[in-house]
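S.K.: Here's a sequence, model it:
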Amino acid sequence: MTMTHLFLATSIAILVTMTLALIRAMLGPTVFDRVLALNMFGTKTVLLICVLDFMSGRDDFLDLALLYSLMNFIGMVALLRFTEFGDFGGENLE
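M.R.: Down below sits the predicted model:
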């Protein structure tokens, strides 16, 4: 088994877990289950970008992966703040 086959198997496994995360996001019984599934999907997307970047032998997509992970984090914080407080404003933080 060569490294190409190993990276291909890893990419397929990541895609399967991303599909399962999307299914969980659609069927989750609570909002927090859905948020957790979307966060997992974002994390697996960053991991897939890194694996594909390593397979290609170039470092071009690492900046994109870092940017996507930062956007995923900020989006999750904003979504959780919205579900807890009902808006994004800072007036009713108490």
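
S.K.: What helix or strand is the closest residue to residue 49 other than its chain neighbours located in?
M.R.: Leaving aside its chain neighbours, residue 49 sits nearest to residue 65 (4.3 Å; criterion: CB to CB, 6 or more residues apart in numbering). Using the backbone N, CA and C atoms, a C-beta is placed for each residue, glycine as well. Using DSSP states H and E, residue 65 sits within helix 62-85.

S.K.: hmm, who's touching that helix?
M.R.: Among residues not part of helix 62-85, those counted as contacts by CB atoms under 8 Å, 6 or more residues apart in numbering are 31-32, 35, 38-39, 42-43, 45-46, 49-50, 53, 88, 92-93.

S.K.: Then stretch 12-26?
M.R.: 33, 34, 37, 38, 40, 41, 44, 45, 47, 48, 51.

S.K.: rewinding a little: show me the two of the contacts of helix 62-85 that sit farthest apart.
M.R.: For the contacts of helix 62-85, with distances taken as CB to CB, the pair at the greatest spread is 53 and 92 (42.6 Å).

S.K.: more crowded one of the two?
M.R.: Ranked by neighbour count (other CB atoms under 10 Å), residue 53 and residue 92 place residue 53 first, with 17 against 8.
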